[in-house]
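Colleague: Pasting a predicted model and its sequence here:
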Amino acid sequence: MQMLYQLRQREKGTLNMKCNDGIHTFSLKTRSSYSEIQNIRVQNACIRGKRDHFSLNQNFCIADYKDKGVEILLHQSLVHPSWVTLIVNPSSLLADEYQPTELFRPTEQTMKQLKTRLRTILDEIGLDTRLKAFRLARYDQTRDRYYSSADEVASWLGIFKKSWPMLRYTPVSFSKDSEFDEKWKGANQHAWTIANKSCAFSVYDKAYELKKRHGIKIQAHILRLELRLSRKRIVQLCRETAWDKQLLELYEKQDAQLDKFLHRLHLPESMQLVTREKALETIDASRFREKTQKKLRRIAKKADGCETLAAVQKATRIKKKEFMKMLGKFEELGICPIPNTLAAVSVCADEGHI
């Protein structure tokens, strides 16, 4: 894994793509009581969310601090434990204003500042619970890829949608009942998500998301990769138990975790997006045996018209084990196994024409 990381760092110097890694969002959660949440509701303006028919379980949101990086969710129940959840955008919290594209890279010093600001907000809403009582419930490992055009972002998003299906992960799409409401179709065109019980991986056009959800226009062309870890996965990965220590520990492992995930999708960071013609030229110029080159050419030709790599494997009639080896050969060549018609933009950028 360290070698893969070094390769990615080395390739960054030759590809026309800037990468930025960090934390976009994390959430903290602690148990509370019905009466305590009732007191918080009295002292603050709350937005009521979904509730059951008999109002035994109610959900509220305090959105006054959202622009400053903290959204507070209250779950009040008469029959189950009550909860307080803090959804934290650490870059915005430290800047005291919304930072749409900044990612947080934690240090001991910045974590102290973060806890101080969180304590201030908890005091203002009337919550006396100590920060130590909170548990890290979600952690978003984030990598922003900066490209030279919106077409390039769309190209790579299409490539991810065609990637190899991962075991125990299923595709997740926005529905008409989601928060996007009438925008759900557009959201599905500009985003792709797969998930299992403990993790979710999303790839989406950050500029589109900011424009549609927040009314913010940015000049940068960003493809955001986001690996969201649930509480179950966090506990498995961390030796530390305090949420602030877990943030630091997870951040140290973040680069390797994301690289490993991309490798499982057969889309490592060092891969270049090329046209079908360029892919065939690269294969022909390789030192692989003619038998191997023939299989690689067959994959490149079929991948141009298939919806996923799994469909390509069936179309080429190559056994799965052998097909996976061929995908490894594409990694050695440094090119994506899925050609794309918009790849000419990326090729020109790599050659310095943009």
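Modeller: Okay, I see it.

Colleague: Confirm for me that Cys225 is in contact with Leu258.
Modeller: Actually, residue 225 is Leu. It isn't Cys. Yes: contact criterion CB atoms under 8 Å: Leu225 and Leu258 qualify, at 6.7 Å. (Glycine included, C-beta is placed from N, CA and C.)

Colleague: which stretches of the stretch 1-150 of the chain form strands?
Modeller: Ranges of strands within the stretch 1-150 of the chain are 18-32, 47-51, 57-62, 70-77, 82-88, 135-147, based on DSSP state E, counting those that start in this stretch.

Colleague: and the residue nearest to Ile218 when sequence neighbours are not counted, what is it in contact with?
Modeller: In space, and not counting its chain neighbours, Ile218 is closest to Ala207: 5.4 Å by CB to CB, 6 or more residues apart in numbering. Contact analysis of Ala207 by CB atoms under 8 Å, 6 or more residues apart in numbering lists 150, 153, 217-218, 220-222.

Colleague: Where does pLDDT dip in the stretch 101-250 of the chain?
Modeller: 175-185 (pLDDT under 70).

Colleague: Identify the residues contacting stretch 98-111?
Modeller: 20-24, 67-69, 89-92, 94-95, 114, 142, 144, 206, 210, 214, 216, 218, 220, 222, 244, 247-248, 251.

Colleague: Return the distance of the residue nearest to Tyr147 when sequence neighbours are not counted relative to Ser286.
Modeller: Leaving aside its sequence neighbours, Tyr147 sits nearest to His221 (CB to CB, 6+ apart; 4.7 Å). His221 sits 31 Å away from Ser286 when distances are taken as CB to CB, to the nearest Å.

Colleague: more crowded one of the two?
Modeller: His221 (18 against 14; other CB atoms under 10 Å).

Colleague: For the more buried one, give me its contacts.
Modeller: 146-150, 152-153, 207.

Colleague: shared neighbours of Leu225 and Leu258, anything?
Modeller: Joint contacts of Leu225 and Leu258 (CB under 8 Å, 6+ apart) are Arg143.

Colleague: beta partners of Arg135?
Modeller: Lys29 (DSSP bridges).

Colleague: Tally up the residues packed near it, please.
Modeller: Arg135: 17 neighbours (other CB under 10 Å).

Colleague: if I pick it, what's in contact with it?
Modeller: With CB under 8 Å, 6+ apart, Arg135 has these contacts: 28-30, 231, 243.
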